[in-house]
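Student: this one's sequence-less:
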């Protein structure tokens with residue numbers, strides 16, 4: 001297991017990411033995953049997937065009435081083949097090469113969204129976003145941007161609640177696929193469990209931020225976080 005200094009640095013990143021995700025709907029993976037990947041790449045992606053389970057569970061309880069269950073019904077099945085592809089990437093190619101490609105794709109999607117290119121939420125777009133989320137989420141623990149961009153024009157509570165559903169069930173699927181493929185180590189599980197209390201603290205710390213983004217600032221915050229996600233993926237791959 002890593003030393004205390006690792007958990008102090010990584011813990012701060014997890015705390016910050018959890019606070020951002022508590023308010024915007026995503027952010028834990030994109031803030032903490034690059035830090036953990038740089039310090040202890042052997043702990044990725046399993047440790048982050050385990051740590052993230054607690055946060056969407058709390059968010060779903062808070063935003064239960066606003067969850068788009070129809071969207072989850074169509075999007076989550078795509079997570080299964082996407083997770084299988086992501087596990088193959090972890091075993092064969094490694095997440096770095098995928099991270100660069102996904103980062104570029106995310107940035108292109110952000111540019112299109114700023115040009116008012118709006119993708120309709122349909123069964124087809126939900127399955128496509130769910131599949132891409134499965135690939136990136138399993139290989140890099142950052143699976144939020146495809147779904148977030150699809151829902152960016154929806155009300156803030158609906159975005160948070162629906163993303164929480166995707167993250168919770170999606171992380172369980174990804175962890176199951178990684179474990180079945182022999183790509184989930186005991187060290188990853190232990191580190192992820194140690195991060196869970198920090199995630200809960202970040203969720204509580206995000207309450208003031210939720211009030212800010214709920215006042216007409218949700219789309220700006222969401223696009224900003226997704227942009228940082230794309231840049232982080234590219235930067236991590238280059239490093």
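Tutor: The structure has been received and is ready for your questions. Please read these numbers as outputs of a predicted model, since none were measured by experiment.
Student: Next one, pLDDT for residue 75 please.
Tutor: Model confidence at residue 75, given as pLDDT, is 92.
Student: give me the number of residues near residue 155?
Tutor: 12 (other Cβ atoms under 10 Å). To be clear about C-beta, it is placed using only N, CA and C from the backbone, and glycine gets the same treatment.
Student: Beyond the lowest-mean-pLDDT helix or strand in the chain, next helix or strand please.
Tutor: The helix or strand of the chain with the lowest confidence, counting by mean pLDDT, DSSP states H and E, is helix 95-114 at a mean of 67. With elements assigned by DSSP states H and E, the helix or strand that comes after helix 95-114 is helix 123-140.
Student: Now do that following helix, average pLDDT.
Tutor: Mean predicted lDDT for helix 123-140 stands at 88.
Student: In it, which residues are buried?
Tutor: For helix 123-140, burial by neighbour count (16 or more other Cβ atoms under 10 Å) applies to 125-140.
Student: ok, of these, which one's closest to residue 178?
Tutor: Nearest to residue 178 among these: residue 138, at 6.6 Å, using Cβ to Cβ.
Student: And residue 44, its phi and psi?
Tutor: Backbone torsions of residue 44, given as degrees, to the nearest 10, read phi -100, psi 150.
Student: Relative to residue 120, how far out is it?
Tutor: Per Cβ to Cβ, to the nearest Å, residue 44 is found 34 Å from residue 120.
Student: coming back round to it: and which of the buried residues of helix 123-140 is nearest to residue 149?
Tutor: Closest to residue 149, out of all of the buried residues of helix 123-140 and judged by Cβ to Cβ, is residue 129, at 7.9 Å.
Student: what's the single longest helix in this structure?
Tutor: If you go by DSSP state H, the chain has its longest helix at helix 156-180.
Student: what angle sits between the helix or strand that that one is followed by and helix 156-180?
Tutor: The first helix or strand that comes after helix 156-180 along the chain, using DSSP H and E, is helix 186-205. Interaxial angle, helix 186-205 versus helix 156-180 (axes from the mean of the first three to the mean of the last three Cα atoms, to 10 degrees): 170 degrees.
Student: Now do the buried residues in helix 186-205.
Tutor: Buried-residue list, helix 186-205, by 16+ other Cβ under 10 Å: 188-189, 191-192, 194-196, 198-200, 202-203, 205.
Student: again with stretch 137-155
Tutor: 137-152, 154.
Student: Next: stretch 81-91.
Tutor: Under the neighbour-count criterion of 16+ other Cβ under 10 Å, stretch 81-91 has 82-90 buried.
Student: How about residues contacting that stretch?
Tutor: 45, 95, 98, 130-139, 170, 173-174, 177-178, 180-181, 183 (Cβ atoms under 8 Å, 6 or more residues apart in numbering).
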